[in-house]
Structure formats: C-alpha cells, structure tokens
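Asks: prediction below, plus the sequence it came from.
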Amino acid sequence: MTRNQPLAIVLGLIVLFLLGGSVYTVSEVDQAIITQFGEPVGEPVIEPGLHFKIPFIQTANMFERRFLEWDGFRNQVPTRDRRFIWVDTYARWRITDPLLFFQRLRDERGAQSRLDDILDGETRNAVARHDLIEIVRTSNREPLDTATTGLEEAEVLEPISIGREQITQEILEAATEAVAELGIELLDLQFKRINYVAEVQQDVFARMIAERQRIASEFRSEGQGESARIQGERERDLARIQSEAFRTAEELRGSADAEATSVYAEAYGSDGAFYAFTKSLETYEKTMDPDTFFILGTDSELMRYLEGPR
C-alpha cells in the first residue's frame, strides 16, 4: 500500500457521503419542498424519482399527495330551537399547494390543529342557524308503511325546507373558503353522529313513548269497535236464523197436525164406534199401569168398555 492510498480512501468516502446527502427520492404518493436554512427555495417537487439538493445546506420536506383524514371532536352544540345535541363530524382533505402549506402550517400536525378550529367552528355556526329537524332529516319523503301507521304518523314528520345534506354543503363551502389560503382542498365533510344530550334524551324518549301509546290506543279502540260491530252482526244473523227455523218448525207442525186431524176425522167418519173404542184403548194404555189404583163410577166413560158385553 502506497502513502496516497489511505488519503484516496478517505476522499472517496467523503465524496460518497456528499453524494448521499445530495440525493433524495420522491415517491408516487409524496411531494417535496426544498428548504435552505429553514426557508423554502425553488418550486415544489412533485415528479417521482431521484432528485438532487445541496448537502448539509438544503433539506427535503416530504408531504402527502393522497387524501388525508380529519376526525372532529364530539361537541355539544345548541340548535336554533334551543335543543342541545352532540355533534360528531369527519372530513377528507389533501394538500394542493405544498409551498403555501409549508409556509402557513409547516406540517400535517399544524394542519390538523387548524382544521379543528375551522371545521368545528363552521359546524357550530351551521347547527346554530337551523332547527333540529332540519339537521336530522334529509327530505320530505312519506313514511314507508303509511297503511299501518295511519294519518297520525304523517303529522309527526313535520315538513323541512333545507335538510342535513344542504346544511353539510353549507359547512363544506364555508370551510373551503377558510382553508383555501392554507394550500388545502377540502374534499368532503359529513356528520358521523348526532344525538341528544343526556338531560334531553329521556324527555325525548318519554314523548316518543307517549305518542306511540296514543296511536296504539286509537288502534285498540278501533279494534274494539270493529269487534262490537261483528258481534252485533253475528247476534243479528243468529236471531234471524233461529226465527226462520222456528217459523219453519211451526209450519211443519201445523201441517202435520192438520194432516193428523184430517186422518182422525176420516177414520171417525168411516166407523165412529171403532174409532171411539181405539181412542179408549189408547187412553187405558197411557193412564193405567200395575202400580196405579183407579176408583171410577159406573157411569164413567172409561168403564164403558170394561163392563160386560152387551
């Protein structure tokens, strides 16, 4: 090994170190801002691949090009009709101007903090400008099961003029104007959850229960009235059927009696003595038995055929 070889090795290592510090990579999902002593220089680097910078003097600051998530805090907000509700929102955003973003916010943590102030504030303002029914509903559609719920259910669904979707659009438009000077684009904002505060929730549930009980009572009374009507019709039909059956039975009985009387009359007209004799025998059979004692006079009609032959 010559005397100059260690020096060459050291110089080579220094060159490799300087080259390593001067090369940086931008991926497909990133964009970069080059800063020199903390101040941005040049245009944002958005093309993926290898790029160069001055080592030790310049720094490559990477920022996301993809959609980013903002998850708001759960806040208690009053509506215009003085209903206190919990409102929880979320949004999607992205960095559209990395240079302006770096100058105003420096990093994503600063952006999240600034979005908290803007989006939470605009959400509070929008909720306070509208009634609760406008926030929880989106349209004036009719109930799906109107045949079951009846007209009373339609009275509960009061008509709205705006709705939750339009309120969400108002918040998004107002917040978009506020973040435009931060190098940020808001893509979407939605309500994640809307709920009553604990103090109001029990009263709301009690009113809902009372309303359902009122509707149930109306259905119950209608059912009882229908039951009474059916019962009345049943009793009326039963009385009519019994009346017709009784009339038919009386007519048949009358016809039978008339026919029997006619037969009796014909028999009596043919041989009156024989007819009287048979009727007397029938009377004996119906009135006399081994355990019965009769005391009859000699002039009794019953004794006429018991006397000796004449």
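Replies: Right, received. Where do you want to start? Numbers count the residues shown, from 1 in each chain.

Asks: mind telling me what element residue 40 is part of?
Replies: strand 39-45 (DSSP states H and E).

Asks: in PDB, list the C-alpha atoms belonging to that strand.
Replies: Output of strand 39-45 as PDB, limited to C-alpha atoms (Å, rounded to 0.1, in the frame of the first residue of the first chain):
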ATOM      1  CA  GLU A  39     -36.600  28.800   4.200                       C
ATOM      2  CA  PRO A  40     -38.200  27.200   1.100                       C
ATOM      3  CA  VAL A  41     -36.300  27.600  -2.200                       C
ATOM      4  CA  GLY A  42     -37.400  26.700  -5.700                       C
ATOM      5  CA  GLU A  43     -40.700  25.200  -6.800                       C
ATOM      6  CA  PRO A  44     -42.300  22.100  -5.200                       C
ATOM      7  CA  VAL A  45     -41.000  18.800  -6.400                       C
END
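
Asks: who touches it?
Replies: Contact with strand 39-45 is made by 26, 31-35, 51, 58, 60, 97-99, 102-103, as judged by Cβ atoms under 8 Å, 6 or more residues apart in numbering. Using the backbone N, CA and C atoms, a C-beta is placed for each residue, glycine as well.

Asks: what pairs with it, and is each one parallel or antiparallel?
Replies: Here strand 39-45 is paired, per DSSP bridges, with strand 30-36 (antiparallel).

Asks: what mean pLDDT does the strand it pairs with have?
Replies: The average of the pLDDT scores along strand 30-36 is 93.

Asks: cool, stretch 181-200 as well?
Replies: 89.

Asks: list the buried residues in it.
Replies: Neighbour counts over stretch 181-200 (16 or more other Cβ atoms under 10 Å) mark 182, 183, 184, 186, 189, 191, 194, 196 as buried.

Asks: and those residues, which two are the farthest apart?
Replies: Based on Cβ to Cβ, the longest span within these runs between 183 and 196 and measures 38.4 Å.

Asks: which SSE is immediately downstream of the host helix or strand of residue 212?
Replies: Taking DSSP H and E as the definition, one finds residue 212 inside helix 198-270. Where DSSP H and E defines the elements, the next helix or strand beyond helix 198-270 is helix 272-287.

Asks: hang on, the earlier thing: of the buried residues of stretch 181-200, closest to residue 163?
Replies: Of the buried residues of stretch 181-200, the one sitting nearest to residue 163 (Cβ to Cβ) turns out to be residue 191, at 11.8 Å.

Asks: ok, the residue nearest to the closest one when sequence neighbours are not counted - contacts?
Replies: Sequence neighbours aside, residue 89 is the residue nearest to residue 191 in space, at 5.6 Å (criterion: Cβ to Cβ, 6 or more residues apart in numbering). Residues near residue 89 by Cβ under 8 Å, 6+ apart: 72, 119, 120, 123, 171, 189, 190, 191, 192.
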